[in-house]
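**Student:** Build me a model from this:
(chains A and B)
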Amino acid sequence: MKNLAEIAVNKCKILGAEYADIRIVEMKDEELRVKNGKISDVTNAVSLGYGIRVIVDGAWGFAASSVMNTKDIEKTAELAVRIGKASSMKINKKVKLSKEKPYIDRWNSPYMIDPFKVGMDEKLGLLFEIDEILRKDKKIKNAESYMWFNREHQWFLSSEGSFIEQELLRSGGGFSVTSSDGNTFQKRSYPASFGQYVQGGYEVIYGLKLIEGAEKTREEAIELLTAENCPSGKKDLIIVGEQLALQIHESVGHATELDRVLGLEANYAGRSFVNIEKKGNFKYGSDIVNIVADPTAPTGLGTYGYDDDGVRAHRFHVIKNGIFENFLGNREFAHEQIENFSRACNRAEGWINIPIVRMPNLSLMPGSYKYEDLIKDTEDGIIVSTVKSWSIDQYRYNFQFGMEIAWLIENGKITKTVKNPTYQGITPEFWGSCDAICNEDYWKFWGVPNCGKGQPGQRAEMSHGCAPARFRKIEVGIV
Amino acid sequence: MSEILREKKIKDIIDIILKTGKEFAPFVFVTVFSIKDALTRFGDNEITQNVYREHVTADIRLSKDKKSTSVSIDRFDVDYLKESFKKAIEILKFQKPDEDYPELPKSIDYIKELPSWCKSTSELTPEKRAEVIKNLAEKCQEKSLISSGIVSNNEGIIAIASSDGLYAFHESSKAKYSATVMDDNGDSGWVEYATNDVDNIDFDKATSLVINKAILNKSPKDMEIGEYTVILEPQAVSDILLFLSYIGFSTMKYYEGDSPFSGKLEQKIFSDKISIIDNAYNQINPGMPFDMEGNKKKQLEIVKDGVFKELPYDIKLSKKYNKVPTGHGFAYPNSNGPLCTNLQILPGKRKMDDIINSSDKCLLVTHFHYTNIINPNDLTFTGMTRDGIFWIENGDISYPVKNFRFTESIIKALNNIVEVSAEQEFASGFFGGGFICPALKIDNFRFSSKTDY
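**Tutor:** Numbers count the residues shown, from 1 in each chain, chains lettered A, B, ... in the order given. Purely as a prediction, here's the structure:
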């Protein structure tokens, strides 16, 4: 691989590139699905290719192909340089990368059991066992259980002397059921709406306790058919699990990506209410809100040794004691937040995409509450769980979420289950209303395996750690 | 490369796969996808990204005794294929025969002469894309405005073939120009055109339109939330069709009971002003003339004058419910069933200008942002307005309004139709897809919250 990579980068330099890198990536995916007693999908996908990125005359060019031979690599390098020259026809300032140390290194996800070596009998056997438990009641009209494994092997070589090999292994799964009484239908999922995924091997599947969660999930789906609708009005909101992870993702993660802030995503995903002037002084949340970007955290989906700029991953605060501290950035935009180093947040999906600013693992740090005490301490509240619907505006400011299930709290006690819960808010007001966060015993990583961004659209993976948290007087029940 | 050569290259790949696959299973089905994709992106009045990507990949299914397994690969040498197939067929040991296993057609007679691929689109160079952007950005800089967006062109091939002799080949192209123009306060306008033939895009006209819209949207006024009569431009209507396509008009959901229209065929579900067809053969945005099971795509009349008339069928569901496949199937096995991907709301008779001129006290909406379903039981969806929402009074656009969040049932909205415009265009949904849509004037559309932007 190194020889091919060197051919590409050397060709770009000969053709006048000021900077060049190549990412060769091999992706291997396996997905298994069982739906209503039958195998509904078995996917084995392998893809190998490369993307060449250049700076020519101060502008970016990128070309990608899966044809892996010297002749085609040189042709692709020529095209990348031509595209870079075309880009330079309309730039207002030359691309300036932060100065970073070149690395020659290898990094890989730790794991115990290679999921691609586990027999199909074990994997499918588990999915069929779950399926049987889920369909034990006639009110269940649909049951689907699944597993997914992904190995990403990358080779990065740059004209600055870096050669970095990384191997990332991701595993996970889950299930969902839909109940119906003939008039309405309700859905419940476990462990999260689209499953739970982390970096690791097949041992991750054991840790998900899928069999143990099946019966309760089925019964909750049936219970929801006769549950009352979520009441409307202001209530103290306790968010648990992956719903809080999504709240962090949408209203902090995307809002603090530097490319959005600078207007480079304005046409599609939008901009951000957070601007450069807010760094270091903007009150984003209450004093107990600490949000940390950490691509070095073990098992996170957004964990890596180096980002796709070849910058070593490191941990930093995005929000510290409620104050906005740092943007998520890369080499290109480092100087925009008056820094001379990159925050190592540039990543691409596979070989076919150009790296863009992506959030790594981004987590709400734990507080001091025990979960039981949080409920006891809540007079008129609602606990919401499991992502069902999400929408946030083009400035990451006004949001509205729907969940699969909720439970009312009256005078410190959980009193009833309600269906179709929703809540809405304005980002800084919402995080400003956070007055309690549970302690580290309740803190957990929740994986987002499919965050879409960019044009052309590409996907990235990241995790968000959190423990249940309470937000005071939030508007709920908007239907 | 000529069309014949392009097809020959794909056929060669198919031949190797079918021949090698037959060594492992009695039935082999292959779908080859080929893409060439170029996109220049701009922001803050300059080019910020510029990419070219090409990829040929094949999804291969090997079947034996009503059991099957599949692999997706992008290397086609015989040794690699053999290694992949050897591993893939291991799974057959753990399967029971699928009684619903679809018997695929052995041949297909489909319309090959669709104007889906255009030479002019394939020849759009990075230099030409840069010229378009330069023109817009310089005009914006003159007016102290900021532009962002994309100019893109791509070519795609989908070919399907089986070891029983089935073969179909379809080639398409798409050019897209999407531009946002805003001032320092973020007051913005937006325009987007997507077409198979880049010559259909009048870049100068589009550039003027988006700049004018941004200027028209300066200093929007605050307005109270509540129910308003709205005129949704085609791009906003497209999001409605997206959710109808995979929830409301999903045949699988219809029979499994989790579509709001389950059991409602031949019943009135929308206003009688609404008629919806699925038509891959339309001239505005021609679709694929066959489906991924090898059936010719038929035109469907999904809703006629508000009455729910018919659904798409793949081989599996047509067999189960005694229907005929309509050419809307996806590769077996799939858990979503057949779907309509070429939906079109049939146009009305009044021109958009007439509708606006005859309107009083209503809101004109450019498009929506980040739409999503909140409650699939009544298709309640939410999202934000974006890049221009305007108050109309006495037939005139009076002033721009600050963006709203809406929370509304699609079923209720399509029962409250006042007008359907005569004009229609191909419009992309926020989360993908694209449909042919007129503008819709709708009574009592609910805006549930406000924003400062």
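
**Student:** For residue A:275, list the residues it contacts.
**Tutor:** residue A:261 (C-beta atoms under 8 Å, 6 or more residues apart in numbering or on different chains). All C-beta atoms are positioned from the backbone trio N, CA, C, and that covers glycine.

**Student:** what's the distance between it and chain B?
**Tutor:** To chain B, residue A:275 is 10 Å away according to C-beta to the nearest C-beta, to the nearest Å.

**Student:** tally of neighbours for residue A:131?
**Tutor:** By other C-beta atoms under 10 Å in any protein chain shown, the residues close to residue A:131 number 20.

**Student:** In the chain, where is pLDDT below threshold?
**Tutor:** Reading this off chain A. Where chain A drops to pLDDT under 70, the residues are A:479.

**Student:** not quite, I wanted chain B
**Tutor:** Ranges of chain B meeting pLDDT under 70: B:1-5.

**Student:** residue ranges of the helices in it, please?
**Tutor:** With helices called from DSSP state H, chain B shows them at B:3-21, B:78-88, B:119-122, B:126-142, B:203-216, B:234-243, B:251-256, B:315-320, B:352-357, B:410-415.

**Student:** Which one of those helices lies nearest to chain A?
**Tutor:** Nearest to chain A, of all these, is helix B:126-142, at 3.6 Å by C-beta to the nearest C-beta.

**Student:** just checking, what packs against that closest one?
**Tutor:** Here helix B:126-142 touches helix A:70-87, strand B:27-43, strand B:46-64, strand B:146-162, strand B:167-182, helix B:203-216, going by 3 or more C-beta pairs under 8 Å, 6 or more residues apart in numbering or on different chains; DSSP states H and E.

**Student:** Now with 6 Å, please.
**Tutor:** Packing partners of helix B:126-142 (3 or more C-beta pairs under 6 Å, 6 or more residues apart in numbering or on different chains; DSSP states H and E): helix A:70-87, strand B:146-162.

**Student:** picking up where we left off before, would you turn the helices of chain B into CSV with mean neighbour count?
**Tutor:** Listed next are these as CSV, based on neighbours: other C-beta atoms under 10 Å in any protein chain shown:
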stretch, mean neighbour count
helix B:3-21, 16
helix B:78-88, 16
helix B:119-122, 16
helix B:126-142, 20
helix B:203-216, 18
helix B:234-243, 24
helix B:251-256, 21
helix B:315-320, 19
helix B:352-357, 17
helix B:410-415, 20
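
**Student:** Let me see the domain layout of chain B.
**Tutor:** What automatic domain parsing lists as the domains of chain B is B:3-210, B:220-453.

**Student:** if we can go back for a sec, need the helices of chain B in CSV (columns: distance to residue B:273).
**Tutor:** Converted to CSV, the helices of chain B look like this (distance: least, C-beta to C-beta, whole Å):
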stretch, distance to residue B:273
helix B:3-21, 42
helix B:78-88, 51
helix B:119-122, 35
helix B:126-142, 37
helix B:203-216, 27
helix B:234-243, 13
helix B:251-256, 23
helix B:315-320, 30
helix B:352-357, 12
helix B:410-415, 9
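
**Student:** For residue A:403, find the nearest of the ones you listed.
**Tutor:** Proximity to residue A:403 (C-beta to C-beta) singles out helix B:234-243 among the helices of chain B, at 18.9 Å.

**Student:** sorry, back to before: of the domains of chain B, which approaches residue A:269 most closely?
**Tutor:** The nearest among the domains of chain B, by C-beta to C-beta, is domain B:220-453 at 8.7 Å.

**Student:** check whether that closest one contacts chain A.
**Tutor:** Yes. Judged by C-beta under 6 Å from any C-beta of the partner chain, domain B:220-453 comes into contact with chain A at B:256-258, B:333, B:335, B:369-370, B:372-375, B:377, B:382-384, B:386, B:405, B:407, B:448-449, B:451, B:453.

**Student:** Which of those residues fall within strands?
**Tutor:** Using DSSP state E, B:369-370, B:372-375, B:382-384, B:386, B:405, B:407, B:448-449 are the members of those that sit in strands.

**Student:** Need these in CSV (columns: neighbour count and distance to residue B:202).
**Tutor:** Below are these laid out as CSV (neighbours: other C-beta atoms under 10 Å in any protein chain shown; distance: C-beta to C-beta, whole Å):
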residue, neighbour count, distance to residue B:202
B:369, 22, 26
B:370, 23, 29
B:372, 19, 33
B:373, 20, 35
B:374, 24, 38
B:375, 21, 41
B:382, 29, 34
B:383, 23, 29
B:384, 29, 29
B:386, 23, 23
B:405, 25, 33
B:407, 23, 36
B:448, 19, 37
B:449, 20, 37
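
**Student:** so which of those would you say is closest to residue B:358?
**Tutor:** residue B:386 (25.7 Å).

**Student:** Please name the residues that touch the closest residue to the closest one other than its chain neighbours.
**Tutor:** The shortest distance from residue B:386 to any non-neighbouring residue, by C-beta to C-beta, 6 or more residues apart in numbering or on different chains, is to residue B:369 (4.1 Å). By C-beta atoms under 6 Å, 6 or more residues apart in numbering or on different chains, the residues touching residue B:369 are A:394, B:383-384, B:386.

**Student:** Three-state assignment for the residue of the stretch 151-300 of chain A found nearest chain B, please.
**Tutor:** In the stretch 151-300 of chain A, the residue that lies nearest chain B is residue A:264 (3.6 Å; C-beta to the nearest C-beta). The three-state label given to residue A:264 by DSSP: H, G, I helix; E, B strand; the rest coil is coil.
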